[in-house]
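J.: model the structure of this input:
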Amino acid sequence: MLVAPTDDSAQRALAAEEQYARVLDLAKSKRLSPLKWYKMWHGAYQQALAHQLDTVKGTAASKRFLNAVAEQVAPRWAELELYDIIRRSVLGKTPLTLDQLGRILEAFLQENVSRATRGQPAIFARWDSQPRR
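T.: Alright, predicted model coming up:
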């Protein structure tokens with residue numbers, strides 16, 4: 001038996017969707033470290049998943065995430081992943097999911113933190129070293 005959403009659950013879902021959109025917009029900020037932004041995104045993503053929002057489903061959601069990440073967080077990586085979505089689509093292959101892309105980004109960001117503590121260069125350029133054209 002399907003249960004109609006209550007006003008309260010509908011309001012929580014709307015709030016989760018709005019929060020997710022705000023966090024994507026925060027990707028443009030130079031004031032947040034990429035890892036801090038990722039943690040905020042992951043929390044908003046988990047809330048959106050809990051409410052089964054279309055905002056975090058399918059290729060459109062992956063592209064929206066990558067476009068946000070391309071702003072400041074990891075421009076080169078995001079652009080390569082956007083290219084890969086197109087390539088896979090043309091070849092009839094399944095693109096990476098939003099969850100998979102998020103996990104990959106987190107691993108790269110964690111590696112960058114680890115490399116920085118050892119005085120090694122980052123894996124990919126951040127906004128402060130490679131401005132986006």
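J.: use CA for all of it now, contacts and neighbours both
T.: Noted.
J.: what strand or helix carries residue 93?
T.: Using DSSP states H and E, residue 93 is not contained in any helix or strand.
J.: how many neighbouring residues does it have?
T.: Neighbour count for residue 93, taken as other CA atoms under 10 Å: 11.
J.: same question, residue 31
T.: Neighbouring residues of residue 31 were enumerated by other CA under 10 Å; the total is 9.
J.: show me the shaky parts of the protein.
T.: Using pLDDT under 70 as the threshold, the predicted model of the chain has low-confidence ranges 1-6, 124-133.
J.: mind listing the helices for it?
T.: 7-26, 34-50, 58-71, 75-90, 98-117 (DSSP state H).
J.: between these, which one is closest to residue 123.
T.: Closest to residue 123 of those, according to CA to CA: helix 98-117, at 6.2 Å.
J.: next, the angle helix 34-50 makes with the closest one.
T.: Between helix 98-117 and helix 34-50, the angle formed by their directions is 160 degrees, by axes from the mean of the first three to the mean of the last three CA atoms, to 10 degrees.
J.: then helix 98-117 to PDB, C-alphas only?
T.: C-alpha atoms of helix 98-117 as PDB (Å, rounded to 0.1, in the frame of the first residue of the first chain):
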ATOM      1  CA  LEU A  98      26.900  10.200  -9.200                       C
ATOM      2  CA  ASP A  99      27.800   8.000  -6.200                       C
ATOM      3  CA  GLN A 100      30.900   6.600  -8.000                       C
ATOM      4  CA  LEU A 101      32.000  10.100  -9.100                       C
ATOM      5  CA  GLY A 102      31.600  11.400  -5.500                       C
ATOM      6  CA  ARG A 103      33.700   8.500  -4.200                       C
ATOM      7  CA  ILE A 104      36.400   9.100  -6.800                       C
ATOM      8  CA  LEU A 105      36.600  12.800  -6.000                       C
ATOM      9  CA  GLU A 106      36.800  12.100  -2.300                       C
ATOM     10  CA  ALA A 107      39.700   9.700  -2.900                       C
ATOM     11  CA  PHE A 108      41.500  12.300  -5.000                       C
ATOM     12  CA  LEU A 109      40.900  15.000  -2.400                       C
ATOM     13  CA  GLN A 110      42.200  12.800   0.400                       C
ATOM     14  CA  GLU A 111      45.300  11.900  -1.600                       C
ATOM     15  CA  ASN A 112      45.900  15.600  -2.100                       C
ATOM     16  CA  VAL A 113      45.800  16.200   1.600                       C
ATOM     17  CA  SER A 114      48.200  13.300   2.200                       C
ATOM     18  CA  ARG A 115      50.500  14.600  -0.500                       C
ATOM     19  CA  ALA A 116      50.400  18.100   0.900                       C
ATOM     20  CA  THR A 117      51.500  16.900   4.400                       C
END
